[in-house]
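Undergrad: Provided below are the primary sequence and the corresponding predicted coordinates.
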Amino acid sequence: MTTAALPTGAVDGQDAGAGAADGQRVTDGPADGRGPATGPAAGQDLPTRSVNAFTRRLRELTGPALPFGAEELAALDAADAFPTAACRALDEAGLPRSYVPAEHGGDLADFTVVLRLLRAVSRIDLTVAAAHGKTYLGAVSTWIAGDDEAARRLGGRIADGEVVSCALTERDHGSDLLSGEVTARPAPGGGWLLDGEKWLINNVTRAGLVTVLARTDEEGGPRGFSLFLVDKARLEPGTWTSLPKVPTYGIRGADISGISFDAAHLPEDALIGAVGQGVEIIVKALHITRTCCAAMSLGAGDHALRLAADFAATHHDAGPGDAPGSAHDAPLARQPHIRRELGEATAGLLLAEATGLIAVRSLHSLTGEMSVISAVAKAYVPAQVDALVARLLQLLGPHGLLGPGDPHGQFAKAERDHRIIGIFDGSSLVNRNALIEQFPRIARGYRKGRADAEALAEAASPHTAPRPFRPAGLSLLSTSGCSVLAGLPAAVEALRARAADEVPARSLAPLLSLAERLLDATDRLHEAMATVRFTPRAVPGEAFDLAERYELCFAAAGALHLWLHGTTTTAADTTWLRGCLVKALTDLGEPVTAAETDVLDELTDLLLDGPPGTFVSLLDHLEANAS
Amino acid sequence: MSGTDIATATTDVADAGLGIDTHTVDSLRTWLVDCVAAHLERPADTVDPAVKLSDYGLDSLYVLAVAAELEDYLDISLDPTVMWDNPTIDALSEALIEELAVQDA
């Protein structure tokens, strides 16, 4: 099957805002509404069909006066009002079941699906995605450490639409969890007494259930905290209060607030896991949630890029003296520098997608490496999307992208809303620091070629069902390093072998040349990482530069792995991968020729030639059973 | 040669299968004191094995790196939380000997 046939039916390129004419469709045909199927629906895997069905449902809800209507969402944002109708619609569409692992009665069996579903929501509205998706963070500690009975009970409540929040931070302590002052003491007669205030918490006022991190040892320390699942309905009235909504720069409608406890009595079974396990569970939970945050960034990036592309395709340069019919009276999208920027933005988004895809799939197959992979994903993907949104704004803002060209202010809202993604759940700084602390181990694993090839192949094959996710496999520290980069030499070798075998000869040569430069840069990077020495709390500034380079190498290597596992050996299209490698090498400061950089314009065509309302996604360019 | 280099060299020897097989609480304590001193960039005789590592400023995440070095040195697999459950070098040395006995069995 060639890439032109879009093996998965253009699933991830679908927009809820595209023509709603086929809303009555009940079969699982391609969701593009573009006439007869180009590939049989039977060829789609089950997750793809369910993502399709969900995306179709969203699209039906985007018209005027509907929960996801552009005007409705813009009005809510302007009023700092919570998108209640949209969240309820997601409940009715069954999204909460995707937050509950299959073994606890839900639908969550593949994090790739969660990524795709949340990305689809984020393409329309990030406030809604952040508000709804938060329930997963609220519940994940119980999935990791709760007993089966507690997990099954919680799963049932989430499926019924209960909102679950997670309260970690406090007013005076930011992200320094070990200085938290909310305290749980054993209650006379059993259970616990909870005291103190949690603040700046997403959904904590709306939620019926809140996972709370509380100090259970006065001395504190990494074993001094425990987690409790607090059921508000079971608290004595007067022992807790909600704190007012905090006005925010982005996601203005979200319920960002706090909760205060005053000798609130919790039953014995509120404890999640064992006493003293709280910090360990949360660090592991963040390995999952930081990874899944990629979904929101990718959706916001899709949205911004689509708005920019549509704007550039339909607007003309309205400068003085540019009369209709003059040389300048061409769509902005035909101007060379705008074309190039759109292509580079597309490449940036594809690199972010490669990182996100590999990362969510690594939860299943490279579970023990998530301390590295989640840090890369959370540091790189939001930063990449912030950067591309800022550049699109700089490019097209002066032409009116924020004005009449965007009547509902969607671009400005996406830009504003996305800023928070790089901050919550651990900022880029926190994540780069986490990466740097693992440099010695990562560099060592790379030098010794410690890569789990089989697990890596699974992570790089997004159209196949992954092995079940086992929370017990999560580790605070990756023992082996990082297979994605330790597996790069073998990937380049595989590409070299393909290039040697191919007929006609030399069509893979340009790609191989780029991949070899990536490998060379990655080799040098790991040598530099191995020499970094620092004492606690004194991380040298240049280490952060190395961390950023590491993220770029990871993203580019991820793209190469995906291509190798998702393309057949003959006549494979190399365009998107060359675009990714050119962009990554350029960002790394490695030499790239002007001729090589021209591939970015081909990515622009990919973006602009898609039907209205579609998005560019690697998933549409990877075959299901190529490798 | 700095202390950190010594630690690295030691782990490389262990990696090559040339490590010493018979560890004792005392030998582990000595190795850990050197290792921690290297991380803190201070003389080994100023590191008290009875004092909590966090009191020296080795915070809860940084200290996990010591677990990684221990894994390499001892050639065993360790849950990094061993560092949290045993906050002093003394406690850690005892726990590691027990762990070695279990994993050798």
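TA: Alright, I've got the coordinates. Since this is a predicted model, take the numbers as computed values, not measurements.
Undergrad: going forward, measure contacts between C-alpha atoms and count neighbours the same way
TA: OK.
Undergrad: which residues sit against stretch A:186-200?
TA: Here stretch A:186-200 makes contact (Cα atoms under 8 Å, 6 or more residues apart in numbering or on different chains) with A:167-171, A:181-185, A:214, A:243, A:246, A:256-269.
Undergrad: Count the residues that sit near A:Leu229.
TA: A:Leu229: 26 surrounding residues under other Cα atoms under 10 Å in any protein chain shown.
Undergrad: Report the beta-bridge partners for the closest residue to it other than its chain neighbours.
TA: Excluding its sequence neighbours, the residue lying closest to A:Leu229 (Cα to Cα, 6 or more residues apart in numbering or on different chains) is A:Thr211, at 4.4 Å. Note on A:Thr211: beta-bridge partners A:Cys166, A:Leu229, judged by DSSP bridges.
Undergrad: I figured A:Thr211 was touching A:Val230, is that so?
TA: Yes: if you go by Cα atoms under 8 Å, A:Thr211 and A:Val230 touch, sitting 6.0 Å apart.
Undergrad: Using the three-state scheme, assign A:Pro407.
TA: coil (DSSP: H, G, I helix; E, B strand; the rest coil).
Undergrad: and it, backbone torsions?
TA: With angles defined as degrees, to the nearest 10, A:Pro407 sits at phi -60, psi -30.
Undergrad: what about it, distance to chain B?
TA: A:Pro407 is 48 Å from chain B, where distance means Cα to the nearest Cα, to the nearest Å.
Undergrad: ok, now A:Leu519?
TA: 25 Å.
Undergrad: Please apply the same query to A:Pro466.
TA: Counting by Cα to the nearest Cα, the gap between A:Pro466 and chain B amounts to 25 Å.
Undergrad: for that residue, what are its contacts?
TA: Contacts for A:Pro466 (Cα under 8 Å, 6+ apart) come out as A:Asp110, A:Arg361, A:His364, A:Ser365, A:Glu458, A:Ala459.
Undergrad: That one belongs to a strand, doesn't it?
TA: No: read with three-state DSSP, A:Pro466 is coil and lies in no strand.
Undergrad: Got phi/psi on the closest residue to chain B within the stretch 51-200 of chain A?
TA: Chain B sits closest to A:Leu178 of the stretch 51-200 of chain A, with a gap of 8.8 Å, by Cα to the nearest Cα. Main-chain torsions, A:Leu178, degrees, to the nearest 10: phi -70, psi -10.
Undergrad: if I pick it, what's in contact with it?
TA: Contacts of A:Leu178 by Cα under 8 Å, 6+ apart are A:Gly220, A:Gly221, A:Pro222, A:Phe225.
Undergrad: likewise A:Leu607?
TA: Residues in contact with A:Leu607, defined by Cα under 8 Å, 6+ apart, are A:Ala309, A:Gly343, A:Thr346, A:Phe615, A:Val616.
Undergrad: quick one: low-confidence parts of chain B?
TA: For chain B, the stretches with pLDDT under 70 are B:1-21.
Undergrad: Please enumerate the helices of it.
TA: Assignment of helices within chain B using DSSP state H yields the ranges B:3-15, B:25-40, B:64-74, B:82-85, B:89-104.
Undergrad: Now the shortest one: buried residues?
TA: This means helix B:82-85. B:Val82, B:Met83, B:Trp84 (16 or more other Cα atoms under 10 Å in any protein chain shown).
Undergrad: ok, and which of those reach chain A?
TA: Counting by Cα under 8 Å from any Cα of the partner chain, B:Trp84 from the buried residues of helix B:82-85 sit close to chain A.
Undergrad: what about the residue positioned nearest the centre of chain B, distance to B:His39?
TA: By Cα atoms, centre = their mean, chain B has its centre lying nearest to B:Leu32, at 3.9 Å. Distance check for B:Leu32 against B:His39: by Cα to Cα, to the nearest Å, it reads 11 Å.
Undergrad: Get me the contact residues on chain A for chain B.
TA: Residues of chain A lying near chain B (Cα under 8 Å from any Cα): A:221-223, A:280, A:437-438, A:441, A:475-477, A:479, A:534-536.
Undergrad: Contacts only, for residue 93.
TA: Since no chain was named, I'll use chain A. Residues in contact with A:Ala93 (Cα under 8 Å, 6+ apart) are A:Phe54, A:Arg57.
Undergrad: Chain B was what I was after
TA: B:Val25, B:Asp26, B:Leu28, B:Arg29, B:Leu32.
Undergrad: Highest neighbour count among those residues?
TA: Counting neighbours by other Cα under 10 Å, B:Leu32 leads the contacts of B:Ser93 with 23 neighbours.
Undergrad: For the stretch 251-400 of chain A, give the residue positioned nearest to chain B.
TA: Residue of the stretch 251-400 of chain A nearest chain B, by Cα to the nearest Cα: A:Glu280 (7.9 Å).
Undergrad: Need phi/psi at A:Gly610.
TA: Per degrees, to the nearest 10, the backbone of A:Gly610 is at phi -60, psi 150.
Undergrad: mind checking the SS state of A:Ala491?
TA: Classification of A:Ala491 using three-state DSSP returns helix.
Undergrad: Show me which of the contacts of A:Pro466 are buried.
TA: A:Asp110, A:Arg361, A:His364, A:Ser365, A:Glu458, A:Ala459.
Undergrad: Sitting in helices, which of those do you find?
TA: Per DSSP H, the buried ones among the contacts of A:Pro466 map to helices at A:Arg361, A:His364, A:Ser365, A:Glu458, A:Ala459.
Undergrad: contacting residues for the last one?
TA: To tie it back to what came earlier, the one meant is A:Ala459. By Cα under 8 Å, 6+ apart, A:Ala459 lies in contact with A:Leu357, A:Ile358, A:Ala359, A:Arg361, A:Ser362, A:His364, A:Ser365, A:Leu366, A:Pro466.
Undergrad: From A:Ala214, how far off is A:Ser122?
TA: Counting by Cα to Cα, the gap from A:Ser122 to A:Ala214 is 32 Å.
Undergrad: List, one by one, the residues from chain B near chain A.
TA: B:39-41, B:57-60, B:62, B:64-65, B:68, B:79-81, B:84-85.
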